[in-house]
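1. Make a model of this:
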Amino acid sequence: MTTTKSLNQIIKRYKESLVDGDQKNALASINLALANGSDVKTVYKKIFTSAQREIGQMWHDGEISISHENRAAGITLEIMSRLRANFEIEDPNAPLAIVTIPKNDNHTIGARMFADFLMMEGWRVDYLTNHNVNKYQIPNDDFIKYVNEIKPKLFAISVATDMAFVECNKLTEFFKFNWPHIKVIWGGPGVSKSLKTDKDIELNDIEENFSESINSKPDFVCCSNSAFESKECKSFLSRSMNHSDLDSVDDTLSKIGNNIKALRISKGISQQELANLASIDRAFISTIENGKRNLSISVLHKIATNLDSNISEIFKD
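-> Predicted coordinates:
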C-alpha cells in the first residue's frame, strides 16, 4: 500500500512533470502509484486533484503562464482517458447521467472527474461539456428532444469557480423546469466557495440554510473534500440510480408545482393575483408551487380554470 510519504513524493513528481510538459514521466508517476497499491479513486482524489490545485495556484501567482496550465490540464485529461478504459460502463441498461458545466466555466477537469466517479459507481455518462446546451448555443428545443430520447436519471453540474455559480443556478432552473422528475447534483470548488461550506447537503437542508444563495432547486450539493465518497453522497447517488420510472408522491407534487408556476408566469400573473382569482391564500399557492402541498382535485380545477388551462396540462411531464 502506498504510504503517505511516498504518495506525497509521487504528487510532487507528477506536478513537476505537468509543469515541464513531460507526459511520459507524468504517466510513469501514476503507474508507480498504482503499482504501489493505490487504487484509481486515490489517484483521482489525491494526485490529480492536488497537482491541478497547485498548478492553478502557480498560474494565479504568476509563476507559470495560462498556456502552461492548459498544457498540464491536457496531460491530466489524457492520462484520465487511459485509466477510464478500466471502468467504463458497457451495460446499456445501467442508469444514465448527463455531466455538464455552466456556460462561463472553462475548467473541464473537475467535470471529467465528476463523470468518471459516477462511472466508477456504475453509471453510464454522457459528458457534454464540449457541447454544453448554453455554452455553444445549442437550441433549447434540440437539447430538450435529446434528453427526452435518452432519458437520464441524473443531471450533474460541475462548477470550478464561484464566478460560474450564477450560471449554475440558471442551468438548474432550466433542467428543473423541463424535467422536474430528474435529479440534479452540484459539485466542485465553485459551489463550496459560493455557499461557504465544506459539507454535503441534501435538498431539505439546502432550502433551510442556503435559500438566499440558491435560486434553483438542486437535489444534492457535494461540497466536501471526499470527492463524492461521503456517506451522504453515495446514498443520494444510490437512491437516484434505483429511482423508479414511476414518480413518487413527492415527485408528482413537485411536477404539479413546477407546471402551475410555469403556467402562471406565462400568463403574467403573480402568486397574489392567482390567489385572489381562485379564492386561495397566497401562502397556499406558494407551498403548491414548491411541491410541498398535497391538494384536492377541486383546488386543482380552480387553479387550472383561472390559468385558462386544464388539469391534464398541470400533470404533464
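
2. Any chance of the backbone angles for residue 168?
-> Backbone geometry at residue 168, expressed as degrees, to the nearest 10, gives phi -60, psi -40.

3. For it, list the residues it contacts.
-> 102, 157, 159, 186, 190, 191 (C-beta atoms under 8 Å, 6 or more residues apart in numbering). From N, CA and C alone the C-beta is placed, and that goes for glycine too.

4. Domain parsing of the protein, as residue ranges.
-> Per automatic domain parsing, the structural domains of the chain span 4-84, 96-241, 249-314.

5. Burial-wise, tell me which of those comes out on top.
-> domain 96-241 (a mean of 19; mean count of other C-beta atoms under 10 Å).

6. Please compute how far that domain lies from its chain's middle.
-> 1 Å (C-alpha atoms, centre = their mean, to the nearest Å).

7. Flag the shaky bits of the stretch 101-250 of the chain, pLDDT-wise.
-> 130-139, 207-209, 211-212, 227, 243-248, 250 (pLDDT under 70).

8. could you pull out the helices for it?
-> Secondary structure of the stretch 101-250 of the chain, counting by DSSP state H, counting those that start in this stretch: helices at 109-120, 140-150, 165-178, 189-195, 203-209, 231-241, 249-266.

9. want to try JSON lines for those helices, with distance to residue 73 as columns?
-> Shown next, in JSON lines, are the helices of the stretch 101-250 of the chain (distance: least, C-beta to C-beta, whole Å):
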{"stretch": "helix 109-120", "distance to residue 73": "6"}
{"stretch": "helix 140-150", "distance to residue 73": "26"}
{"stretch": "helix 165-178", "distance to residue 73": "20"}
{"stretch": "helix 189-195", "distance to residue 73": "15"}
{"stretch": "helix 203-209", "distance to residue 73": "30"}
{"stretch": "helix 231-241", "distance to residue 73": "25"}
{"stretch": "helix 249-266", "distance to residue 73": "37"}
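
10. Which of these sits closest to residue 311?
-> Closest of the helices of the stretch 101-250 of the chain to residue 311 is helix 249-266, at 9.6 Å (criterion: C-beta to C-beta).

11. which other residues reach that closest one?
-> 176-177, 180-181, 247, 270-271, 274, 288-295, 300, 303, 307, 309, 313-317.

12. Repeat the analysis, applying 7 Å as the threshold.
-> 176-177, 180-181, 247, 274, 288-291, 294, 303, 307, 309, 313-316 (C-beta atoms under 7 Å, 6 or more residues apart in numbering).

13. after it comes which helix or strand?
-> helix 271-278 (DSSP states H and E).

14. Give the other helices and strands that that next one contacts.
-> helix 282-289, helix 297-306 (3 or more C-beta pairs under 7 Å, 6 or more residues apart in numbering; DSSP states H and E).

15. So which other helices or strands are in contact with the shortest one?
-> With contacts taken as 3+ C-beta pairs under 7 Å, 6+ apart, helix 282-289 sits against helix 249-266, helix 271-278.

16. Distance from the chain centre to the last one, please.
-> On the basis of C-alpha atoms, centre = their mean, the separation between the geometric centre of helix 271-278 and that of its chain is 35 Å.

17. repeat for the first one
-> Taking C-alpha atoms, centre = their mean, one finds the center of helix 249-266 at 22 Å from the center of the full chain.

18. Stretch 259-277 now?
-> 29 Å.

19. That one: end-to-end distance?
-> 18 Å (C-alpha to C-alpha, to the nearest Å).

20. Going forward, count from 26.
-> Sure, I'll start counting at 26 from here, so that last one is stretch 284-302.

21. model confidence over that stretch, on average?
-> The average pLDDT for stretch 284-302 rounds to 88.

22. returning to what we had before: I'd like to know which of the helices and strands packed on helix 296-303 lies nearest to residue 31.
-> helix 307-314 (55.4 Å).
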